[in-house]
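> What shape does this take:
(one chain, ligands or ions: 1)
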Amino acid sequence: MKRSDKLPKKNTQLKKESMSSIKKRASLIFDILVNEFPNASTALDHSNPFELLVATILSAQCTDERVNKVTPLLFKTFKTPNALANGNLGDIKSLLKSVNFFNNKAINIKKMANQLLDDFNGEVPADRDKLTSLAGVGRKTANVVLGQSFNIPGITVDTHVNRLSNRLGFTKNKDAVKAEMDLINIWDDSIWTDFSTVLILHGRASCTARKTSCETCCISDLCPSKNIA
Ligand code: SF4
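Residues are numbered from 1 along each chain as shown. This next block holds a predicted model:
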C-alpha cells in the first residue's frame with residue numbers, strides 16, 4: 001500500500017475558497033434548506049419564553065424528544081418562575097428523572113427561577129448577557145431563547161450546527177464559541193436563527209455524526225465534504 005493510501009482524505013477546497021465565495025455558497029445552501037424544511041422551528045415544546053428557557057436548559061446532552069416527554073408535567077406543576085423557585089427540589093428532580101444529568105439540571109432550573117425573580121422581576125430577559133448570567137444558561141441556550149422567543153438573531157452552535165458548519169466549510173473550529181464567531185462573519189444576521197434551525201434539522205435527517213447521505217443530500221452540489229466527510 002502506498003503511503004498516500006493510508007492518509008485520511010483532506011478537504012483541500014476549504015483552504016482555497018474566498019470569503020465572498022463562502023458567503024455566496026452559504027446563502028444558496030440556506031435557500032435550499034429553508035425550502036426543504038419550511039416553517040422550521042425548535043423541536044422543544046413550549047408556550048412561552050420561560051418554558052423554552054427551561055426546556056433548552058434540560059436539552060443539554062439530551063434529545064429534544066426526551067425533554068418533550070417530561071416538560072408537560074413539569075410545566076403543569078410549576079407554571080411560573082415563582083412556582084419553580086419555591087418548588088421542592090426533590091419533586092423537581094423526580095419529574096426530571098429520565099433526563100440526562102437531571103440532578104444538576106433540577107438544581108439549575110430552580111436557581112435560574114430564583115434569579116429571574118430576584119434580578120428580572122420574574123421575566124425572561126431578552127438580552128444575551130442577562131440570559132447568560134442565569135444558572136445553566138450558556139451562549140447556545142441564550143441564542144435559542146433570543147431567536148425563538150424574541151426574534152433577536154442568534155446563532156445556535158449545538159452539536160449539529162458545529163458538525164455541519166465544519167463539513168460545509170464555514171469554519172474549521174470545533175470549539176462552539178469560535179465556530180459561532182466564524183459563522184457571524186459569513187451569515188447575514190437576518191438568517192442567523194433560521195439557518196441554525198435548518199442546519200440542525202438537516203444534520204439530524206441526512207448528515208449525522210456517524211452517517212452521511214451525500215448521494216441524496218439536497219445541498220451536495222454546494223458541499224465541499226461530499227463523499228469525504
Ligand atoms: S453532501 Fe454529505 S457531507 Fe455534505 S452536507 Fe450533504 S450529507 Fe453532509
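> Show me what from this protein comes close to the ligand.
Those residues of the chain that sit near the ligand, judged by C-beta under 6 Å from any ligand atom, are 167, 206-207, 212-214, 217, 219-220, 223, 225-226, 229. No exception for glycine: its C-beta is placed from N, CA and C like everyone else's.
> Pull out the buried members of the residues you listed.
Among these, the ones that count as buried by 16 or more other C-beta atoms under 10 Å are Arg167, Ser206, Cys207, Thr212, Cys214, Cys217, Ile219, Ser220, Cys223, Ser225, Lys226, Ala229.
> Which ones among those lie within helices?
Among these, the members falling in helices are Arg167, Ser206 (criterion: DSSP state H).
> Output the buried ones among the residues of the chain next to the ligand as JSON lines; include the columns pLDDT.
Formatted as JSON lines, these follow (pLDDT from 0 to 100):
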{"residue": "Arg167", "pLDDT": "98"}
{"residue": "Ser206", "pLDDT": "96"}
{"residue": "Cys207", "pLDDT": "97"}
{"residue": "Thr212", "pLDDT": "96"}
{"residue": "Cys214", "pLDDT": "97"}
{"residue": "Cys217", "pLDDT": "98"}
{"residue": "Ile219", "pLDDT": "98"}
{"residue": "Ser220", "pLDDT": "97"}
{"residue": "Cys223", "pLDDT": "98"}
{"residue": "Ser225", "pLDDT": "96"}
{"residue": "Lys226", "pLDDT": "95"}
{"residue": "Ala229", "pLDDT": "79"}
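> and of the buried ones among the residues of the chain next to the ligand, the nearest to Ala113?
Set against Ala113, the nearest of these by C-beta to C-beta is Cys207 (36.5 Å).
> Relative to Leu28, which of the buried ones among the residues of the chain next to the ligand is nearest.
Nearest to Leu28 among those, counting by C-beta to C-beta, is Ile219 at 8.2 Å.
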